[in-house]
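Q: sequence first, then the predicted structure:
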Amino acid sequence: MTSTAQAQASGGGHTAPDHLGHVIFITAAAAMGGFLFGYDSSVINGAVEAIRDRYSIGSGTLAQVIAIALIGCAIGAATAGRIADRIGRIRCMQIAATLFTISAVGSALPFALWDLALWRIIGGFAIGMASVIGPAYIAEVAPPAYRGRLGSFQQAAIVIGIAISQLVNWGILNAAGGDQRGKIIGLEAWQVMLGVMVVPAILYGLLSFAIPESPRFLISVGREADAKKVLADVESKDVDLDARVAEIEHAMKSEHKSSFKDLLGSKMGFLPIVWVGIGLSVFQQLVGINVAFYYSSTLWQSVGIDPSSSFFYSFTTSIINIIGTVIAMVLVDRVGRKPLALVGSIGMAIALAVEAWAFSAHLVDGKLPNTEGVVALIAAHVFVLFFALSWGVVVWVFLGEMFPNRIRAAALGVAAAAQWIANWAITASFPSLSDWNLSGTYIIYAIFAALSIPFVLKYVKETKGKALEEMG
């Protein structure tokens, strides 16, 4: 769930800031929320089987414990904007950092399954807040000429957070002798995995005290002198501060606050463009991408790969995710959004179909035959690569650009909500579906990837090179 879209506007005619290093530090500090977003989303991967064993629960209950964090994500994302407008962007970051810390400590020391689920919801709330406040803050403090590049810090931080969580999980598992319930510092390995997040959470909180409040928020509460000081630090010395403040004030006054009613059409409920946005969000999740980040260790163990190797493959998948994301960031403005989406859909459909074929083989002594096992591993990495270089980034770019100005904020909210719901559906259903038929589950994901091709061809319009004012 990322907001690369908010980083697309880049005013090329502006001079570089005098303190570019300071601006990069501010951006990186804010992007720590994105790091925690990625870390907290995927760290549960290392604990799934241990939680199943510790509490003796079936796949259905296990799925709800894993997926319940997404309820918190939806609430956090829905409320973060209002909280930030009321008490400031920095205070919102500090609340998120506190919630991340509480969730990490609580998840590491649960009394029972019910409070583990509660800590997961709290962590989800923090993820939702971080997914909104990070990109918004970066867009508001970044100098116009650097906004696109600095905005990409959030997306990069998310995929790095995912990778680091898998590397840490792998290291902890090895320290526990390959046993997810093995003891380390008096706790089971899976508890340590969930608890380690307290370190970046505290760092995020501390960094929030070292960066300035957003000039836009300062102006909104009448603190123009403070806003000028921040603008002087992040923009060029040649900038007319009075003119910049007046420009921001004018933009704030002229903004149309879109509402849910603005999205409604006469025949199909929502306007057609809103349905396209919902379709993009839903297809992004229905290909099963989050299975790779929430359940990959469990998946590989279910076909006979030992826990240590399964954790290592989860880490390598995350590295592929980073590589694909970098490719997308390089190509999205060169080749366009629609071609990337189509290439990604084709690649994902083929990779998922190959995975389905590999998982259809009969297990021998609880393991896939050697050929099918190798093919499944390669196909899983290819799938993540094609997702990351296309739909992982492109959907957020589309959602930030495709809606007319008068409905952009409300339409983005509806599309993001659809994405959280689809994410929950996939996350909650995978354990039961894989118990039913693992190959069949991947056929379902492959079908959704294939269906996304005609959807993009028929309904999605290219937005590359168009001004936001041209959308309509």
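A: Sure thing, it's come through.
Q: hey, let's count contacts and neighbours off CA atoms from now on
A: OK.
Q: centre of the chain to the longest helix along the chain, how far?
A: If you go by DSSP state H, the chain has its longest helix at helix 408-459. For helix 408-459, the gap between its own C-alpha mean and the chain's C-alpha mean amounts to 15 Å (Cα atoms, centre = their mean, to the nearest Å).
Q: shift numbering so it begins at 53
A: All right, first residue 53 from here; so that's helix 460-511.
Q: buried residues in the lowest-mean-pLDDT helix or strand in the chain?
A: Averaged element by element with mean pLDDT, DSSP states H and E, the chain has its least confident helix or strand at helix 293-306 (a mean of 79). By neighbour count with 16 or more other Cα atoms under 10 Å, helix 293-306 contains the buried residues 293, 297.
Q: who are the packing partners of the following helix or strand past it?
A: Following the chain from helix 293-306 toward its C-terminal end, the next helix or strand by DSSP states H and E is helix 324-338. Using 3 or more Cα pairs under 8 Å, 6 or more residues apart in numbering; DSSP states H and E as the contact definition, the elements that helix 324-338 packs against are helix 443-453, helix 460-511.
Q: and the angle from the first one to helix 460-511?
A: It refers to helix 443-453. 120 degrees (axes from the mean of the first three to the mean of the last three Cα atoms, to 10 degrees).
Q: now do helix 443-453: which elements does it pack against?
A: Using 3+ Cα pairs under 8 Å, 6+ apart as the contact criterion, the neighbours of helix 443-453 among helices and strands are helix 324-338, helix 359-383, helix 389-411, helix 460-511.
Q: CA atoms of that helix as PDB?
A: Taking only C-alpha atoms (Å, rounded to 0.1, in the frame of the first residue of the first chain), the coordinates of helix 443-453 have been written out as PDB:
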ATOM      1  CA  TRP A 443       1.700  -2.800 -10.700                       C
ATOM      2  CA  GLY A 444       3.600  -2.300  -7.400                       C
ATOM      3  CA  VAL A 445       4.500   1.300  -8.500                       C
ATOM      4  CA  VAL A 446       2.300   2.000 -11.500                       C
ATOM      5  CA  VAL A 447      -1.000   1.700  -9.700                       C
ATOM      6  CA  TRP A 448      -0.100   4.400  -7.200                       C
ATOM      7  CA  VAL A 449       1.100   6.700 -10.100                       C
ATOM      8  CA  PHE A 450      -2.200   6.100 -11.900                       C
ATOM      9  CA  LEU A 451      -4.300   6.800  -8.900                       C
ATOM     10  CA  GLY A 452      -2.500  10.100  -8.200                       C
ATOM     11  CA  GLU A 453      -2.900  11.300 -11.800                       C
END
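Q: tell me if residue 116 really is in a helix.
A: Yes - Residue 116 forms part of a helix when assessed by DSSP: H, G, I helix; E, B strand; the rest coil.
Q: which residue sits closest to it, ignoring its sequence neighbours?
A: Nearest residue to residue 116 in three dimensions, chain neighbours excluded: residue 480, at 5.7 Å (Cα to Cα, 6 or more residues apart in numbering).
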